[in-house]
Every structure is written in structure tokens, then in C-alpha cells.
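**Q** any chance you can model this:
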Amino acid sequence: MRLKDSERKTLEDVADSLQGASVVALCAYGSKVAGYARPDSDYDILVVARRYGEGVRYKYLKEPVETSALIVDERMLRQDARNAYLGEFVAGRFLNVYDPIINGELLREVEVDYKARVITEALIELSSDYGEFNRHIVVPYEYFLFDKLRKRSQVYPPALYSYVQTYKGKMGNENKTASLDGFREASESIAAKGFVVPEEDGVRLVPEKMKGDAFTKALSLFSLTARGVTQYAVHGYAGRVGFGVFRKEALSKLRRMRENLEPPRELDTPRSLLQLEEGRFVADASGLNVELASVAGFSEWKLTEKVLGEPYATTTLVTIKSGTHERSFVVKNFSDVRSLKWAILGVWAATARKFNMSPTARLEREYSASLSLRSNGVMTPKIAAVAPGERLMAKEFVEGPSLSKLIDGILAGKHEGLASVTAYGSALGKVHAAGMTLGDAKASNVVVARDGLYLTDLEQTLAGGDKAWDLAEFLYYTAKLSNKEEKMKEVALAFLKGYGSEGEKAAVEQARSNRYFAPFLPFLTPGMSGMLREVLAEYS
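**A** Got it, this is the predicted structure:
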């Protein structure tokens, strides 16, 4: 309870004095309850009435205390909570803290019904924006609160003053705790239907259960606009009062807006509250470098950028320096136009392999694979941050040459590097043993670091898939345009030796077929192709 017993009794008397209202529930809300009232502030009460003829109505009373009473028919209130019948003009008050005075059970039912819809609509919007990547996002209960408050303040700007005072004032934490309790209870019914998986302080969406698309989002945004119109209409209808009351309310709202209070970050940018299994969630890609500096532990820093990899690569090396210290990250843009390489490669390898070209799907695969492979004993660079809205991912930079450079040295006559080739074969075997395939198993995607091999460029990795393609691509692509058959044979034997310790002979046998050989045929000498197929036969 936020109010004194004497105040509660007075407000009960006020509710009983309202003509035409058979009171079934009563609560107080607003500044008196949330702890930011001025000395001259009114009491705000919500009176739920049975079969209330006027539907919804504001009444302002001066005695026994100045009170702003919002009276609503019980059925209309329940409809407003469940389907925004009144544009959430009444139900929206249950977003924030309130003090039940009469029939708290009914009020709690309305609150939970309303917050269940708020959660569902927010998840539909996230599903539309982030697609399959949502499975990696933990949505804290705070997000549902502040995302909805932000939307409501956009429709009705004067409300922003109340929201800032409620959550940034002296009782801010207490008020937030009270509101989030309703969201926790509301999420239980949604979890029971399989739409989300409960987490300690939030939920994780199940993309397969909630397929979001552009139409769903457009419908959601239209509904928001329509609710705003309805809300204003209901406000005007409910507030049928004299000029004196209208003037007082208008001046109060004008004064509030002039105060120009700075909203807390979570109210200004609710998506900054979203969390990931690993790495920082970045709501706006323009803030990615700031997040990376924070990950590095730098408050003052300078930044340099350099394009990495082959001409069609979509990665950038970002180095952040602070004094004598520096940290480097590899930032990959899955929406970069150069990602069209997968369309071209898909045509080239049509007989053997289909590549996924969706930026969101490739981002999700890279993220999933980074965690899954690591859990199966295969090293991958740690994820530092993700901006899923712009399809960007930043990983820790791993120092070391690529395996392809070591192999180039072997083909040129050097004797170092075969152990790393064997280690990669073993790593690929572990990938396959875990029921996964890389899809892009080229040696250029492997970094040979001091502490072992790291697999990168995992955007075509998936559960299941074609194991034979991984083997064929590594061997045939490595041997392209080379006539160093004996040296390449050493590489192939070292690779298959490592793969044999973890992988499947059936995949090796399958990699010999013309289906996998055909895409590479124009780039291999007859002697090279014959040798590789013989080596594959030896290990199958």
C-alpha cells in the first residue's frame, strides 16, 4: 500500500459519492502513489463500475479532497485490456504502479491481461525485425515496460513527464519492481503456449512459434496509430468538463512539457535493454564502436579501420587504442552488397551445394555456430557485440596466419604447416561428429594462432548439411590452379589423417563423386584431380 489508511478511506467515500456508478473496484494511481506529487497535486483514482451507462467518464471533485476520478464500465475496461477497445486510454494506467483499494483481484486480472498483450505485441515486432536471430536475444521484463511507455509517450507527449518522474524519481526502483511483477505473471501464460522460454529476468523468443514478417509489423504500427486516435477521442469524450477545469489541466500539462526532463536511457532507447547469450546487443549500429571501446575497457580511445580478406570479403578490422593499450575486433557486415558472392557461388556450385543468401539467416548461423562449435571442442573467436538490426557482428580478433598461407608455403617447398593441416582435419571431423557442417570449409577461413586453430566465417554453418561438400571444397579449392601434385598430396594426406580420427569414412567416399568434383574441374589439372580422387579412395 502506498497511501495511508485515512487517505484510502477518503477515496472510498469519494467513489461511493459518484452518481450512476455502482463501484466494483477502485484503485489510486499517478503522482500520489508513484511518489512525485506536488503539494497541490490531485488524487488520481480509477473507479470500475458495473453497467456504467456513460461507459467512461472523468469527474473532478474538490471535496473532501481534490480528486480526478476516471470512471469506466467493467466490461469496457476488460475489453480495453485485451484488445485496446478504448485505445488503451484506461488500461494503459496499469503499466505503472497503482494502489488497489477495493477488489484488488479484479484489478490484477486486468493488469495481467493487459501486460500479456503488451508482451505479445512487443515480441511480434521483435520477430519481424530480427527474424531467426531472436533465438539468441534475452528480452528482460524491463524492455516490455519501457518499450510500451515510449510508444505511449510518442502518441501522447505530455505523459512523458509522468513516466520520467515515476522511474527516475526517489521511488523509481520501487515503482519499477511493482510494474515488472505484473509482467512476470503475464509471461507465464505466454510461455505455457510455447511462444517464449522463461529466463531468470526475462524471456527468450522461440522464432518457429512466432513468425514475424513485414506485414505483421506494418499491422502492428498501424494499430499503434489507430490506438492513438482512439485514445485522444476517448480522452475528449471522457473529459467533458467545464472551461475552468480544462484550463487548469491544460496549464499543468504545458508546465510539465516546459520542464524538458531528460528521460532515462531505457525509456529513450528501450532496445538498449536487450541482451545476448554472448556479446553486447547494439540497438543502433552507429553506437557499435562505442560498445567495442566499452568491451575493451577504454573510456578515452582512438580508432582505426582496415578492410580484411579477399576483395569480396565483408569484414573490417577495427583497432581501438588507449594510451599504450589496444584491442582489435573483426566486424562483419552481412548486408554488404559484396555478400552477393553467395549468389554467384550458388550458380557455380549448383550441382553440389546451395548457399543461403539471407543476411539475417547468415548472421544467425554465424552466431549459433560460434557458440555450438566451441561447446564441441572447436575453437571460434569470442563474439564482442552484435547489431542485428543492421546485420553487423563484431568478434575478437585472433592473431595468426590463415591456414591457406601455411599451405601456400608447403606447396612452395616449405616443411612447416602440415601439423596444422592435420589439426584442421581433426577439427572438421569434430564438427561433423557433432552433427554440423561448415558449408564453407576453405583453408582461408582458419586462423592458426599460438593456442590452436580458430574457425571463422561460419555464416554457412548449420546442423546437418552436406559433410562431403566440406571435404571436397577444402581439397579441390586448395589445389586449384596448382601443378604441385606431390606437395598437394602431402597436404591431402595430412588433412584426411586428421579427419579420420574424428570424421566419417562415408563422407570421404561421397566426396569422390562427380557431383562434388564437377564445380572444380575447370580449375584442376588432370594430374591433380586424379591424385586427389586416389587419396580420397585410400581413406574411404
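
**Q** the stretch 1-150 of the chain: helices as residue ranges?
**A** 5-16, 31-34, 74-83, 104-130, 141-155 (DSSP state H, counting those that start in this stretch).

**Q** need the ones you listed in TSV with mean pLDDT, can you?
**A** Shown next, in TSV, are the helices of the stretch 1-150 of the chain (pLDDT from 0 to 100):
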stretch	mean pLDDT
helix 5-16	95
helix 31-34	95
helix 74-83	95
helix 104-130	94
helix 141-155	94
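
**Q** nearest to Gly465, out of those helices?
**A** Closest to Gly465 of those, according to Cβ to Cβ: helix 104-130, at 23.5 Å. C-beta coordinates here come from the backbone N, C-alpha and C atoms, glycine included.

**Q** the inter-axis angle of that closest one versus helix 74-83?
**A** In terms of direction (axes from the mean of the first three to the mean of the last three Cα atoms, to 10 degrees), helix 104-130 departs from helix 74-83 by 20 degrees.

**Q** starting at the chain centroid, how far to helix 104-130?
**A** With Cα atoms, centre = their mean, to the nearest Å as the basis, helix 104-130 stands 18 Å off its chain's centre.

**Q** check stretch 82-91 too.
**A** Put simply, stretch 82-91 sits 28 Å off its chain's centre (Cα atoms, centre = their mean).

**Q** start and end of that stretch, how far apart?
**A** One end of stretch 82-91 to the other measures 9 Å (Cα to Cα, to the nearest Å).

**Q** hmm, back to that, closest one to Ala494 among the helices of the stretch 1-150 of the chain?
**A** Judging those by Cβ to Cβ, what sits closest to Ala494 is helix 104-130, at 41.6 Å.

**Q** what angle separates the closest one from helix 141-155?
**A** For helix 104-130 against helix 141-155, the angle by the same axes, to 10 degrees is 90 degrees.

**Q** distance to Ser402 for the helices of the stretch 1-150 of the chain - can I get that in CSV?
**A** Below are the helices of the stretch 1-150 of the chain laid out as CSV (distance: least, Cβ to Cβ, whole Å):
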stretch, distance to Ser402
helix 5-16, 72
helix 31-34, 58
helix 74-83, 57
helix 104-130, 31
helix 141-155, 40
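
**Q** to Gly169, which of the ones you listed lies closest?
**A** Ranking those by proximity to Gly169 (Cβ to Cβ) places helix 31-34 first, at 7.2 Å.

**Q** which secondary structure elements does the helix or strand hosting Lys487 contact?
**A** Element membership of Lys487, judged by DSSP states H and E, is helix 485-500. Packed against helix 485-500 by the contact rule (3 or more Cβ pairs under 8 Å, 6 or more residues apart in numbering; DSSP states H and E) you find helix 403-411, helix 418-433, helix 467-478, helix 505-510, helix 526-539.

**Q** tell me the mean pLDDT for stretch 88-96?
**A** Per-residue pLDDT values across stretch 88-96 average out to 94.

**Q** adjust the sequence numbering to begin at 36 for everything that follows.
**A** Okay, residue one is now 36; in that scheme the one you just asked about reads as stretch 123-131.

**Q** what's next to that stretch, contact-wise?
**A** Applying Cβ atoms under 8 Å, 6 or more residues apart in numbering, the external contacts of stretch 123-131 come out as 64, 69, 81, 91, 105, 107, 111-112, 115-116, 119, 142, 145-146, 149-150, 153, 180, 183-184, 187, 197-198, 201, 210, 214, 217, 262, 265-266, 269-270, 273.

**Q** okay, which residue is most central for the protein?
**A** Centroid-nearest residue in the chain: Ile172, 4.2 Å away (criterion: Cα atoms, centre = their mean).

**Q** that residue contacts Leu309, correct?
**A** Yes: contact criterion Cβ atoms under 8 Å: Ile172 and Leu309 qualify, at 5.5 Å.

**Q** overlap in contacts of those two?
**A** Contacts common to Ile172 and Leu309, judged by Cβ under 8 Å, 6+ apart, are Phe316.

**Q** how is the protein divided into domains?
**A** Segmentation of the chain into domains, based on automatic domain parsing, reads 40-137, 146-269+290-306, 311-431, 438-574.

**Q** start to end distance for the third one?
**A** Domain 311-431 has its terminal residues 16 Å apart, counting by Cα to Cα.
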